[in-house]
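> dropping a prediction and its sequence here:
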Amino acid sequence: MDDGERDSQDLRFCRSQRHGGVASRTAAGLSICTECRDEAEENLVELPQLYDMCAYMLDVPRQQPRERVSGHRPRGIVLRDAVVSIRSDILGVLASWCGLVASERGVTGPDELSIPRLSTFVQIHFGWLTAHPAGADFTDELAALAERARAVLTPDPLTVMPLGPCPRPGCGWTLRAEGHPPKRILCEAGHEWPPDQWLLLRGGRLDSSREGGE
């Protein structure tokens, strides 16, 4: 079999990485399979909604920490960074595919760098994109964006038990045990306490001479 025949056979199978190495034949006239095409369409429709929901999370009032701990970032700040990051990536990825369409099809791209304009433009040229040799990359990127946005909006459930105020002088944030049985004990400002001091913390018997709270 020569290289041309091998390439021709390769094009018969969807190259999306989401198949986990299991071959899936491409749909007629497309560079991806029917399953990937349907998933890409669903994700493309959902992405503007996810983008807006992430914006809502950024608007939720947050209590300002009274103390910052070097090397530690309060959970709310980490979540905010994740929200900002995924919104930026959604905008950037859609703009990139719009640029490909405009360049290769010789059409005028969106006149505004906004999610409604970008997503609408991509939807109009959806059939062309899913038939393009880069169609697998297209559907994989949309799926990855949607998964990340959903993860930010619905964080993994975690059992949290409040243990009272953090004993570190000048802190005052609530101390919490995460998990059942506990996997970590830390306060909302980032002071984390080692397992050998957990019983003392819970019993309120930790004095200043034995503080961990890194």
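Great, that's in hand.

> tell me the mean pLDDT for stretch 108-124?
Stretch 108-124 comes out with an average pLDDT of 96.

> alpha carbons of it, as PDB, please.
What follows is stretch 108-124 as a C-alpha-only set of coordinates in PDB (Å, rounded to 0.1, in the frame of the first residue of the first chain):
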ATOM      1  CA  THR A 108     -16.200  38.800   5.700                       C
ATOM      2  CA  GLY A 109     -15.900  37.700   9.300                       C
ATOM      3  CA  PRO A 110     -17.800  39.000  12.300                       C
ATOM      4  CA  ASP A 111     -17.800  42.700  12.700                       C
ATOM      5  CA  GLU A 112     -17.600  42.500  16.500                       C
ATOM      6  CA  LEU A 113     -15.500  40.400  18.900                       C
ATOM      7  CA  SER A 114     -18.500  39.200  20.900                       C
ATOM      8  CA  ILE A 115     -19.800  35.700  21.800                       C
ATOM      9  CA  PRO A 116     -23.100  36.200  20.000                       C
ATOM     10  CA  ARG A 117     -21.500  37.400  16.800                       C
ATOM     11  CA  LEU A 118     -18.700  34.800  16.900                       C
ATOM     12  CA  SER A 119     -20.900  31.800  17.700                       C
ATOM     13  CA  THR A 120     -23.500  32.800  15.100                       C
ATOM     14  CA  PHE A 121     -20.800  33.000  12.400                       C
ATOM     15  CA  VAL A 122     -19.400  29.600  13.300                       C
ATOM     16  CA  GLN A 123     -23.000  28.100  13.300                       C
ATOM     17  CA  ILE A 124     -23.500  29.500   9.800                       C
END
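
> any idea how far that stretch is from the chain center?
22 Å (Cα atoms, centre = their mean, to the nearest Å).

> buried residues in that stretch?
G109, P110, I115, R117, L118, S119, F121, V122 (16 or more other Cβ atoms under 10 Å). No exception for glycine: its C-beta is placed from N, CA and C like everyone else's.

> return the set of buried residues in the longest helix seen in the chain.
Under DSSP state H, the helix in the chain containing the largest number of residues is helix 75-105. Going by neighbour count (16+ other Cβ under 10 Å), the buried part of helix 75-105 is 79-80, 82-83, 86-87, 90-91, 93-95, 97-98, 100-101.

> looking at the buried residues of stretch 108-124, which is nearest C14?
V122 (19.5 Å; Cβ to Cβ).

> dump the residue contacts of T130.
L30, S31, I32, R37, A40, F138, T139 (Cβ atoms under 8 Å, 6 or more residues apart in numbering).

> could you do V84 as well?
So V84 contacts L58 (Cβ under 8 Å, 6+ apart).

> cool, R105 as well?
By Cβ under 8 Å, 6+ apart, the neighbours of R105 are H125, W128.

> can you pull the pLDDT of it?
The model's pLDDT for R105 equals 97.

> that one and P165, how far apart?
Counting by Cβ to Cβ, to the nearest Å, the separation of R105 from P165 is 62 Å.

> again with A82
Remark: distance between A82 and P165 (Cβ to Cβ) = 28 Å.

> coming back round to it: for the buried residues of helix 75-105, which one is nearest P194?
L79 (25.1 Å).

> ok, and the closest non-adjacent residue to the residue positioned nearest the centre of the chain?
Nearest to the mean C-alpha position of the chain, by Cα atoms, centre = their mean, lies R148 at 2.3 Å. Ranked by Cβ to Cβ, 6 or more residues apart in numbering and with sequence neighbours excluded, the top spatial neighbour of R148 is I86, at 5.0 Å.
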